[in-house]
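Student: Got a predicted structure plus its sequence, pasted below:
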Amino acid sequence: MKALILGGKGQLGTTLTQMVPSSIACRSLDLPEIDVTDAKAVEAVVGDEKPDVIINASAYTAVDRAEEEVDLAFAVNAAGPKNIARAAKQTGSRLIHVSTDYVFDGTACTPYLPEAPCSPLGVYGESKRQGEINVLDAVDDPVIIRTSWLYSQYGNNFVLTMLRLMKERDEIKVVADQVGSPTWATTLAKAIWKIVIKTDLKGIFHWADAGVASWYDFAVAITEEALACDLIGKPIPIHPITTAEYPTLTTRPAYSVLNCTASWREIGVRPVQWRVALRHMLETIEGSNQGDMNTGK
Ligand SMILES: NC(=O)c1ccc[n+]([C@@H]2O[C@H](COP(=O)([O-])OP(=O)(O)OC[C@H]3O[C@@H](n4cnc5c(N)ncnc54)[C@H](OP(=O)(O)O)[C@@H]3O)[C@@H](O)[C@H]2O)c1
C-alpha cells in the first residue's frame, strides 16, 4: 500500500511519518515541497504519486492569529482540503482528513458525538469546518478524524510551552474554566494508521485520549509528571484563573470534549487515559530520567 502524508513536518505529520507501518510505502511532504493551497501543485503531486491513501495533516493552526489572517486560514484549512480531495478523486485515492474539536461551540455539557451540529466560534474553527464540508462534497467515502488539545515532542504545543515557562518563571496562571481532552499525537497517529489498514472505515470519527481536564488540571499534571521525570528541578505553583482574566483574540469553546466511544470501538485501538499518555510523552524527552533509562545512559 502507498500512503502520502501532507503536512508531514507538523507535530502530527512528524509523528505519523515516524510510525509508518512496515507494510506501507509512505511519502511525507510539507511546505515548501507542496503548498496545499495551490490546486495545480496538489494535482501534480497526487497524480505522480498515485497513493492508495492520502493523510491530510496540513493545517493553519494559529487559533488567535487566524482572526487577523482570515484569508490564509481559509486558504489552508478550507481550500487546501478541497484541492486535496479533488486530486484524490482523480486518482481514486482514499482520503483521511484531520479536523478539530473547535468545529463545536462548547455550549454542550455532555461529550460531542460525531454527528452533533457544528457551530464554530472563531475563524480557525470556521475554516476547519469548511474544510470538512469541502472534503465531504468532493469525495465519496472520506474519513474525517477530529481530535482535540493535541501535543507532542515536536512543534508548538501546550506541554512544551508549559515546560519552558516552568524553567523561566516562579509561578504560572492557567485558565481553569475551559475543559477538554489532551491528546498525544502518538496515540492519534496509531489510530490513523489503524484506519489506513482498515480500508472499509469511512465517515466522521472522534479521537482523543480518554478523560477530561481543564487547562489548569493539565498544567498541574505537567508539573507533577515533569518533576517525576527530572525534567524540572522544583515544583512550580500553578494558579487557576478564569477565561475572562486571560483575554485572547478568539473565543475558545468552554466545553470541548469529544465523544470517542464509537470511534475507539470501530477503529479498534484501546484508548489511553490522557495523564498516562502525558507521562509516556515526557519520558521520551531527552533529559528525563526515563529517557536515560530507555537509552541505557
Ligand atoms: N494542535 C492542536 O491542538 C489541534 C487540536 C485539534 C485538532 N488539530 C488538528 O490536527 C491536525 C494536525 O495539527 P498539528 O498540531 O500537527 O498542526 P501543525 O503542527 O501546525 O502542523 C501543520 C503543518 O501543516 C503545514 N502547512 C501549513 N500551511 C501549509 C500549506 N499551505 N501547504 C502545506 N502544508 C502547510 C505547517 O507548516 P508551517 O509550520 O510551515 O506553517 C505544518 O507543518 C490539523 O488538522 C489541526 O487542525 C490540532
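Tutor: Nice, I can see it.
Student: Residue 120: how many residues sit nearby?
Tutor: Residue 120 has 20 neighbours, counted by other CB atoms under 10 Å. Every residue, glycine included, has its C-beta placed from N, CA and C.
Student: ignore the last one, residue 8
Tutor: 22.
Student: so how far is residue 198 from it?
Tutor: Residue 8 sits 22 Å away from residue 198, going by CB to CB, to the nearest Å.
Student: secondary structure class for the residue lying closest to residue 239 once chain neighbours are set aside?
Tutor: Excluding the flanking residues, the one nearest residue 239 by CB to CB, 6 or more residues apart in numbering is residue 173, at 4.8 Å. With DSSP: H, G, I helix; E, B strand; the rest coil as the basis, the three-state label of residue 173 is strand.
Student: list the contacts for residue 173?
Tutor: With contact set as CB atoms under 8 Å, 6 or more residues apart in numbering, residue 173 has these partners: 238-241, 245-246.
Student: Residue 239 falls within a strand, correct?
Tutor: Yes. Membership of residue 239 in a strand is supported by three-state DSSP.
Student: re the thing from before, of the contacts of residue 173, closest to residue 47?
Tutor: residue 246 (46.6 Å; CB to CB).
Student: so that closest one makes contact with residue 175?
Tutor: Yes. Assessed by CB atoms under 8 Å, residue 246 is found in contact with residue 175 at 5.3 Å.
Student: Look at those two and report which has more neighbours.
Tutor: Each of residue 246 and residue 175 has its neighbours counted (other CB under 10 Å); residue 175 has more, 21 against 13.
Student: The more buried one and the ligand, how far apart?
Tutor: The spacing between residue 175 and the ligand, counted by CB to the nearest ligand atom, to the nearest Å, is 15 Å.
Student: beta partners of that residue?
Tutor: Assessed by DSSP bridges, residue 175 has beta-bridge partners residue 241.
Student: Can you tell me how far residue 270 is from the ligand?
Tutor: The gap separating residue 270 from the ligand is 21 Å, by CB to the nearest ligand atom.
Student: Could you measure from the closest residue to the ligand within the stretch 151-297 of the chain over to residue 57?
Tutor: Using CB to the nearest ligand atom, the closest approach of the stretch 151-297 of the chain to the ligand is made by residue 155 at 4.3 Å. Using CB to CB, residue 155 is found at 11 Å from residue 57.
Student: do the same with residue 152
Tutor: Using CB to CB, residue 152 is found at 11 Å from residue 57.
Student: Okay, buried residues for stretch 29-43 please.
Tutor: Residues of stretch 29-43 classed as buried: 29-30, 34-37, 39, 42-43 (neighbour count, 16 or more other CB atoms under 10 Å).
Student: what's next to it, contact-wise?
Tutor: Residues outside stretch 29-43 that contact it (CB under 8 Å, 6+ apart): 4-10, 13, 45, 56, 58, 75-76, 79-81, 83-84, 86-87, 90.
Student: The residues you listed, buried ones only, as a PyMOL selection?
Tutor: Per 16+ other CB under 10 Å, the buried members of the contacts of stretch 29-43 correspond to this PyMOL selection:
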select buried, resi 4+5+6+7+8+9+10+13+45+56+58+75+76+79+80+81+83+84+86+87
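Student: Mind checking which of the contacts of stretch 29-43 land in strands?
Tutor: Under the assignment DSSP state E, the contacts of stretch 29-43 contribute 4-6, 56 to strands.
Student: what sits against residue 127?
Tutor: 60, 66, 70, 73-74, 76-78.
Student: At the contact with the ligand, which residues of the stretch 101-250 of the chain appear?
Tutor: By CB under 6 Å from any ligand atom, the residues of the stretch 101-250 of the chain that approach the ligand are 101, 128, 147-150, 155.
Student: In which helix or strand does the residue of the stretch 151-297 of the chain closest to the ligand reside?
Tutor: Taking DSSP states H and E as the definition, residue 155 sits outside all helices and strands.
Student: Is it correct that it is in contact with residue 7?
Tutor: No. Residue 155 lies out of contact with residue 7 (CB under 8 Å); the separation is 10.9 Å.
Student: Stretch 273-285 and the ligand, are they touching?
Tutor: No. Using CB under 6 Å from any ligand atom, stretch 273-285 stays clear of the ligand, coming no nearer than 13.0 Å.
Student: What separation do you get for the nearest residue to residue 112 once chain neighbours are set aside and residue 58?
Tutor: Nearest non-adjacent residue to residue 112, counting by CB to CB, 6+ apart: residue 104, 5.0 Å away. Distance, residue 104 to residue 58, by CB to CB: 22 Å.
Student: for residue 152, same thing?
Tutor: 16 Å.
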